[in-house]
Each structure stands twice: as C-alpha cells, then as structure tokens.
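Chemist: Got a predicted model here, sequence first, then my questions.
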Amino acid sequence: MTCEEKAAVAPEHPRFPEAVRYWLRLGCISFGGPAGQIAIMHRELVERRRWISEGHFLQALNFCMMLPGPEAQQLATYLGWRLHGWRGGVAAGGLFVLPSAVLLFLLSWLYMAGGDLPWLEGLFYGLVPAVMAVVAEAVLRIGKRALRSWALWLVAAGAFGAIFFLEVSFVWIIVAAAVCGWLGNRVAPGLFPAGKGHGAPGGGEAGCLVLPPAPEGTWKRAAGVTALCLVLWWVPILLAGLWAGWGSTGFRQGVFFSQAALVTFGGAYAVLPYVAQQAVEKFGWLSQGQMMRGLALAETTPGPLIMVLQFVGFVGGWQHPGGLSPLAGAALGAAVTTWATFVPSFLFVFLGAPHVERLQARPAVGAALTGITAAVVGVILNLAVTFGLHALWPDETGRVDWFVVVAAVAAFVALHRVKLSLGWVIAGCAVAGLAWRMWVARGG
C-alpha cells in the first residue's frame with residue numbers, strides 16, 4: 001500500500017476539544033495501575049481511534065518506561081504532546097491525574113472522618129475483573145506484535161522471570177534488554193530487528209493517522225522548558241513553606257516527594273517500599289495500617305497507582321496540621337504531595353519528547369529499543385500476574401474469589417471475542433460487583 005493509499009483510509013487529525021474529551025474520559029476509566037492504563041490507551045488510541053500507530057505507541061512506551069515517575073501518565077503526556085503540542089501534553093497528563101486526585105481526596109476525607117460507603121466499595125470491587133480482562137487482552141495483543149522472533153520471546157520471558165521471581169530492579173532489566181537488543185542486532189539482525197520510525201512523513205501504518213515530523217529539539221528549547229518547569233515545580237512548595245512555616249508538614253512533604261520524584265524508576269511498586277519506610281518510620285506521618293489502606297484505595301480508583309502518595313500527604317497533614325485545622329492541613333498536604341509527584345513528569349517528557357523518533361531512526365538505538373520493547377511485554381505481564389494473584393486470592397485464608405474469576409472470564413470474552421465497548425464492560429462489571437456485594441451482605 002502506498003503512502004497516499006494509507007492517508008486515504010487514515011482518520012482525520014483529531015481536533016483539540018475532541019482530544020480533551022478523550023483524555024478526560026481516560027482519566028475517569030483508567031483503572032488497574034500502569035498495566036491496565038497502558039492497555040486502555042493502546043485499545044483506544046491504536047486499535048479503535050487509530051490516532052497513533054502501533055510502532056509509535058511502542059516507541060513512546062519504551063521512552064516513558066525509562067523515565068522516573070508514573071509511566072502511564074507520562075505516556076499520555078507524550079501522546080497528547082505528539083498530537084497537539086505542549087497544550088495537548090498538559091491536557092493529557094493533567095486530565096489523566098485530575099479525576100483520581102479529586103476522587104481520592106474525597107475518599108481520604110471519608111476514611112479519616114470515619115465514613116462508610118459499602119455501595120461505593122461494591123462498585124470498585126466489580127472493577128477488579130474488568131481490569132484483569134483488559135490487561136490480559138493487552139498482553140496478548142501487544143506481545144503478538146512486539147515479539148517477532150523466538151529471541152525476543154526469550155527476552156520477554158527473562159524480564160518477567162527476573163522481576164517476578166528474583167525481584168531484580170526494573171532499571172537493570174531495561175539496561176540488560178537494551179544491551180541484548182544492540183548486541184543481538186549486530187550478531188543476528190533477523191532476530192533483533194531495528195524498529196522503524198513513525199515520525200517521518202508518510203511513516204504511519206496502514207489505516208493510522210499520519211503524523212507530521214516531531215518538532216526539533218534544541219538547546220534553547222531545552223533551557224526554556226527546564227526553567228519554566230522548575231519554576232512551576234518549586235514556587236508552590238516554597239509558598240506553602242512561607243504560609244504554613246518551613247517546619248510544617250506540608251512543606252516537608254513537598255521537599256521529600258520532590259526528591260522521591262527523581263528516583264521513582266520502575267513504577268509505583270518499586271518506590272512504595274521506600275516511601276512507606278520514610279513516611280511511617282522516619283517522619284511518622286501515618287501508620288503502616290493507614291499506608292496499606294491508602295494503597296487499597298489507590299488500587300480501586302482511576303489514575304496512576306502512585307496516587308497513593310496523595311493519601312500519604314492527606315493523612316500526614318490531617319494528623320499533623322500544625323497551626324491549621326485538620327482538614328486544611330490535609331488539603332495542603334495532599335495538594336503539595338500531588339504537585340511534587342507529577343509536575344516533574346512534564347519536565348522529563350517535554351525535554352526528551354523531540355528526540356524519541358530521531359533516536360529510534362538510528363539502527364543501533366532502534367535495535368536497543370526493540371530489546372526494551374520485548375522486556376516491556378514481560379514487565380506488563382508481571383504487573384498483570386501480580387494484580388491477578390492479589391485479586392483472586394484477596395486474603396490470607398487462601399480461598400479463591402470465584403466472583404472475580406467468573407466476571408474476569410466473562411469480561412475477557414466480551415472484549416476479545418464479542419468486541420464489546422470497553423465502557424460497557426467496565427459499567428457491567430461495576431454493577432455486577434455491587435449486586436454481588438449486596439447479595440452476600442444479605443446472607444446470599
């Protein structure tokens with residue numbers, strides 16, 4: 001098929017308001033941690049809307065997986081930037097977080113105030129099997145297209161085994177995968193092919209939107225982006241210190257989580273042990289039990305799992321408000337923590353975004369990213385398995401949650417075979433979860 005034929009069947013470039021509506025919808029349905037969120041974006045942007053090609057999506061995923069911070073939110077930021085420039089990146093990254101931030105703030109307040117909403121818990125419970133189905137379908141779909149040789153299958157299996165059984169750091173897995181891809185391409189190019197760039201004119205895949213070349217990255221642009229993002233990052237934290245005091249919980253949280261944002265490689269599960277140790281044992285902002293409850297709330301709300309840090313900030317501010325009221329201290333802590341956690345991600349993405357496709361066009365870099373792509377499949381599988389084990393065996397009794405089993409299979413069939421819309425699957429599972437919890441509560 002010629003470039004002209006591809007363009008003839010490709011969708012029109014989405015208008016900015018249309019993209020904003022999608023990013024807001026994504027922020028409201030992005031359940032299941034990074035694996036589920038990446039799966040949802042792939043299904044919507046690559047399969048359904050065809051705004052992004054398969055190759056470009058994997059390039060972007062490789063890039064974001066190597067950055068510190070929440071990779072799913074960074075992926076949305078990059079894709080939004082690629083479609084509509086800086087305003088698209090801000091809209092995509094911000095709306096990916098906003099619904100979760102608002103909902104988790106309300107749930108945190110209910111938790112600290114002693115509220116109890118069993119109907120809401122039932123709805124969230126029903127979302128678990130929907131997420132399992134989405135992730136399972138994503139692993140199959142992405143793996144089928146990314147693992148193009150038996151050698152890449154071995155890389156994916158090795159990445160899964162290293163992170164799941166040996167608990168090897170994600171950073172070392174990515175480094176090893178890149179070396180395997182680079183060396184493998186030199187020894188056996190057919191087994192480790194260098195990926196093709198998407199950014200060149202006419203470089204889109206059949207039926208996908210053909211994007212224009214990415215803007216050029218310059219030193220002047222890098223300096224401007226860095227200066228602007230650093231000002232936006234630190235000014236609110238300094239203002240919190242001026243208002244509440246330099247020794248206040250809110251200011252100390254802003255400084256601590258700014259430091260954590262620089263070392264959060266490998267996703268939320270990699271950084272949570274460190275954050276829990278510091279927040280519980282060193283600073284005493286909350287108890288271990290409260291930390292676990294916050295993690296449970298974050299797992300059942302949309303948005304990145306690292307949003308649990310907002311809960312840490314909220315509870316720490318509530319229990320150590322200083323001269324403020326508990327709610328005011330909690331609001332300050334939650335706002336500062338969320339700001340310090342996510343604003344650095346925009347800096348990292350906007351700095352590196354112009355170079356993603358040009359690096360991919362170089363054979364050596366393309367081969368290294370091919371290896372990383374294969375490893376990413378193993379990493380997503382690890383997240384899927386970890387989430388699945390926790391969902392199927394939710395307590396220490398060892399009993400299987402058969403509702404989750406049945407609902408997950410039904411949701412997978414609805415998505416994979418029946419091709420039912422993701423929104424209907426999520427809504428159906430949520431209603432089923434509520435009905436099941438109500439039936440069990442009545443002694444069914």
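Modeler: Yes, it's here. Numbering: from 1, shown residues only.
Chemist: count of residues packed around His390?
Modeler: Neighbourhood size, His390 [other Cβ atoms under 10 Å]: 11. Placement of C-beta: from N, CA and C, glycine included.
Chemist: For it, I want the exact helix or strand it lies within.
Modeler: helix 363-392 (DSSP states H and E).
Chemist: can you check Tyr274 too?
Modeler: helix 268-276.
Chemist: which stretches of the stretch 1-150 of the chain aren't confidently modelled?
Modeler: Residues of the stretch 1-150 of the chain that meet the criterion pLDDT under 70 lie in 1-9, 32-33, 114-117.
Chemist: what ranges of the stretch 201-350 of the chain fall below the confidence cut-off?
Modeler: Filtered on pLDDT under 70, the stretch 201-350 of the chain yields the residue ranges 201-207, 263-273, 292, 296, 299-300.
Chemist: how many other residues sit next to the closest residue to Val155 other than its chain neighbours?
Modeler: Distance criterion Cβ to Cβ, 6 or more residues apart in numbering; nearest residue to Val155, sequence neighbours excluded, is Ala374 at 4.0 Å. Neighbourhood size, Ala374 [other Cβ under 10 Å]: 28.
Chemist: show me what contacts Ala374?
Modeler: Residues near Ala374 by Cβ atoms under 8 Å, 6 or more residues apart in numbering: Ala146, Leu147, Leu152, Trp153, Val155, Ala156, Ala159, Ala177, Gly181.
Chemist: What is the nearest of these to Val312?
Modeler: For the contacts of Ala374, the closest approach to Val312 (Cβ to Cβ) belongs to Ala159, at 29.6 Å.
Chemist: how near is the closest one to Val376?
Modeler: Relative to Val376, Ala159 is positioned 8 Å away (Cβ to Cβ, to the nearest Å).
Chemist: cool, Gly366 as well?
Modeler: 15 Å.
Chemist: try Tyr125
Modeler: Per Cβ to Cβ, Tyr125 is found 29 Å from Val376.
Chemist: Neighbour count: those two, which is higher?
Modeler: A direct count of neighbours by other Cβ under 10 Å for Tyr125 and Val376 places Val376 higher, at 27 against 24.
Chemist: what's near enough to touch the more buried one?
Modeler: Leu58, Leu61, Asn62, Met65, Ala146, Ala159.
Chemist: The third one: neighbouring residues, count only.
Modeler: Using other Cβ under 10 Å, the number of residues around Asn62 comes to 24.
Chemist: Let me see the contact set for it.
Modeler: Leu369, Ile372, Thr373, Val376.
Chemist: Now list the buried members of the residues you listed.
Modeler: Leu369, Ile372, Thr373, Val376 (16 or more other Cβ atoms under 10 Å).
Chemist: Burial check on the closest residue to Ala331 other than its chain neighbours, number of neighbours?
Modeler: Residue nearest to Ala331 in three dimensions, not counting chain neighbours: Gly317, with 7.1 Å by Cβ to Cβ, 6+ apart. Gly317 has 29 neighbours, counted by other Cβ under 10 Å.
Chemist: Quick check: which element contains Gly317?
Modeler: Counting by DSSP H and E, Gly317 is part of helix 308-319.
Chemist: same deal with Gly322?
Modeler: Per DSSP H and E, there is no helix or strand for Gly322.
Chemist: which residues touch the closest residue to it other than its chain neighbours?
Modeler: The shortest distance from Gly322 to any non-neighbouring residue, by Cβ to Cβ, 6+ apart, is to Ser248 (4.9 Å). For Ser248, the contact set (Cβ under 8 Å, 6+ apart) comprises Ala240, Gly241, Gly322, Leu332.
Chemist: so who does the third one touch?
Modeler: What it means is Gly322. Ala244, Gly245, Ser248, Thr249, Gly329.
Chemist: As TSV, these with secondary structure would be great.
Modeler: TSV is the format used below for the contacts of Gly322 (DSSP: H, G, I helix; E, B strand; the rest coil):
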residue	secondary structure
Ala244	helix
Gly245	coil
Ser248	coil
Thr249	helix
Gly329	helix
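Chemist: Would you format these as TSV with distance to Ala432 included?
Modeler: Shown next, in TSV, are the contacts of Gly322 (distance: Cβ to Cβ, whole Å):
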residue	distance to Ala432
Ala244	45
Gly245	49
Ser248	45
Thr249	41
Gly329	39
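Chemist: Weed out the non-buried ones from those residues.
Modeler: Ala244, Ser248, Thr249, Gly329.
Chemist: so what's the last one up against?
Modeler: Under the criterion of Cβ under 8 Å, 6+ apart, the contact list for Gly329 reads Ala244, Thr249, Gly250, Gly317, Trp318, His320, Pro321, Gly322.
Chemist: Closest one to Pro129 out of these, please.
Modeler: Checking those one by one against Pro129 (Cβ to Cβ), the nearest turns out to be Trp318, at 33.0 Å.
Chemist: count of neighbours near the nearest residue to the closest one once chain neighbours are set aside?
Modeler: Take Trp318 and drop its neighbours on the chain: the residue closest to it by Cβ to Cβ, 6+ apart is Ala330, 3.8 Å away. By the measure other Cβ under 10 Å, the count of residues near Ala330 is 26.
Chemist: circling back to that earlier point, what's the farthest-apart pair in the contacts of Val376?
Modeler: Leu58 and Ala159 (14.8 Å).
Chemist: Looking at the two, which has the bigger crowd around it?
Modeler: Ala159 (28 against 25).
Chemist: and the helix or strand harbouring that one, C-alpha only, in PDB?
Modeler: Secondary structure assignment for Ala159, by DSSP H and E: helix 150-164. Coordinates of each C-alpha in helix 150-164 appear next as PDB, following Å, rounded to 0.1, in the frame of the first residue of the first chain:
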ATOM      1  CA  TRP A 150      12.000 -16.500  19.400                       C
ATOM      2  CA  ALA A 151      14.900 -14.400  20.700                       C
ATOM      3  CA  LEU A 152      12.500 -11.600  21.600                       C
ATOM      4  CA  TRP A 153      10.200 -14.100  23.300                       C
ATOM      5  CA  LEU A 154      13.200 -15.200  25.400                       C
ATOM      6  CA  VAL A 155      13.900 -11.600  26.400                       C
ATOM      7  CA  ALA A 156      10.300 -11.100  27.400                       C
ATOM      8  CA  ALA A 157      10.400 -14.300  29.400                       C
ATOM      9  CA  GLY A 158      13.700 -13.300  31.000                       C
ATOM     10  CA  ALA A 159      12.300  -9.900  32.000                       C
ATOM     11  CA  PHE A 160       9.200 -11.500  33.600                       C
ATOM     12  CA  GLY A 161      11.300 -14.100  35.500                       C
ATOM     13  CA  ALA A 162      13.800 -11.500  36.700                       C
ATOM     14  CA  ILE A 163      11.200  -9.100  38.100                       C
ATOM     15  CA  PHE A 164       8.700 -11.600  39.300                       C
END
